[in-house]
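Enquirer: The following block contains a protein sequence and its predicted model.
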Amino acid sequence: MLKNSYILNKKIALTLLLSFIAVAIVFPTVKAAEITSATPNEETYLGGQTGYISVAIYNDRNANISVTEVSATLDYYYTDGTVYVQKFFTSDDLPVEIEPGQTETFDVPISLPTNIAPGYVDFIVMARTQLWIEEAEVYVSSDSPSEHVKLYVESPYKQSYEEAQEELEESQEELENSQALLNEQEITNRNLGVTAIGLGVIMAILGAIVAVLMIMLRRPRPIAEPQ
């Protein structure tokens, strides 16, 4: 009884193995997709900055494909020269089916270390896909298209210099505005002074005229002698 069971299990295992080999031979790995674009949200980044890479995947086959993974791998250096590898994955829910001739876009969030060395860094964007085989009604492994994306990381010293320059320009602009207001105030004060002097002169002239009139009015008139 045990012998018969052992033989039966061997036959089942052999059958499964032969079926797997047959599927692998009949439906080998095929090309089913290509990455038509991989674009970062910015061309220049700073250490510690976050962003994302938009990845467009095109189905160039006559059957549906299923996208099971979209990632971006970064090889970079720290400021002390240490090499580090970090892999980021899409924030979209997977798997996603793409019909023939259609394109789907996926966002891969990225985050740069605060102490990353400045310069160009290279992301390797990759997608894993499966192709739908209508005759067998199964998905089989397909190609994994990839694309290189370069980003430029600015030096923190450059950032500090630019911020200092902006602050200096703002201070100079405020100083120029203050100087302009001061000049306007001086001109206003000067005009007020001239006006006050003119009013003083006019008041003095009017006062003199009034005084002369008063004197003339108070002078006694000569009495006429009788005839």
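Expert: It's in. Residues are numbered from 1 along each chain as shown.
Enquirer: Counting by contacts, list what the top strand by length along the chain packs against.
Expert: Counting residues, the longest strand found in the chain (DSSP state E) is strand 119-133. For strand 119-133, the packing partners by 3 or more CB pairs under 8 Å, 6 or more residues apart in numbering; DSSP states H and E come out as strand 33-40, strand 50-59, strand 65-77, strand 103-111, strand 138-141, strand 146-153. In this view, the C-beta of every residue, glycine as well, is placed from N, C-alpha and C.
Enquirer: let's see 6 Å
Expert: For strand 119-133, the elements it packs on are strand 65-77, strand 138-141, strand 146-153, judged by 3 or more CB pairs under 6 Å, 6 or more residues apart in numbering; DSSP states H and E.
Enquirer: Residue ranges in this structure under the pLDDT threshold?
Expert: 1-32, 79, 157-168, 217-227 (pLDDT under 70).
Enquirer: so where's the longest helix in the chain?
Expert: helix 156-218 (DSSP state H).
Enquirer: outside of stretch 55-68, which residues touch it?
Expert: If you take CB atoms under 6 Å, 6 or more residues apart in numbering as the criterion, stretch 55-68 is touched by 32-38, 70, 94-100, 102-106, 125, 127-132, 139.
Enquirer: The same query, at a cut-off of 8 Å, please.
Expert: With contact meaning CB atoms under 8 Å, 6 or more residues apart in numbering, stretch 55-68 is reached by 30-38, 70, 72, 90, 94-108, 125, 127-134, 139, 142, 145, 147.
Enquirer: Could you grab the helix/strand/coil label for the residue nearest the centre of the chain?
Expert: Among the residues of the chain, the one closest to the centroid is E42, at 5.4 Å (CA atoms, centre = their mean). Here E42 is recorded as coil under DSSP: H, G, I helix; E, B strand; the rest coil.
Enquirer: Now do the longest strand of the chain and strand 50-59, the angle between them.
Expert: Taking axes from the mean of the first three to the mean of the last three CA atoms, to 10 degrees, one finds that strand 119-133 is oriented at 30 degrees with respect to strand 50-59.
Enquirer: Note down every partner strand of strand 119-133 and its orientation.
Expert: According to DSSP bridges, strand 119-133 forms sheet pairs with strand 65-77 (antiparallel), strand 138-141 (antiparallel), strand 146-153 (antiparallel).
Enquirer: For G51, find the nearest of the ones you listed.
Expert: strand 146-153 (8.6 Å; CB to CB).
Enquirer: in the closest one, what's buried?
Expert: For strand 146-153, a neighbour-count test (16 or more other CB atoms under 10 Å) marks 147, 149, 151, 153 as buried.
Enquirer: need these in a markdown table with distance to N177, can you?
Expert: Below are the buried residues of strand 146-153 laid out as a markdown table (distance: CB to CB, whole Å):
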| residue | distance to N177 |
| --- | --- |
| E147 | 51 |
| V149 | 45 |
| L151 | 39 |
| V153 | 37 |
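Enquirer: nearest to N189, of those residues?
Expert: V153 (55.2 Å).
Enquirer: show me the contacts for that closest one.
Expert: 44-47, 112, 116-121.
Enquirer: re the thing from before, what's the offset of the longest helix of the chain from the middle of its chain?
Expert: 47 Å (CA atoms, centre = their mean, to the nearest Å).
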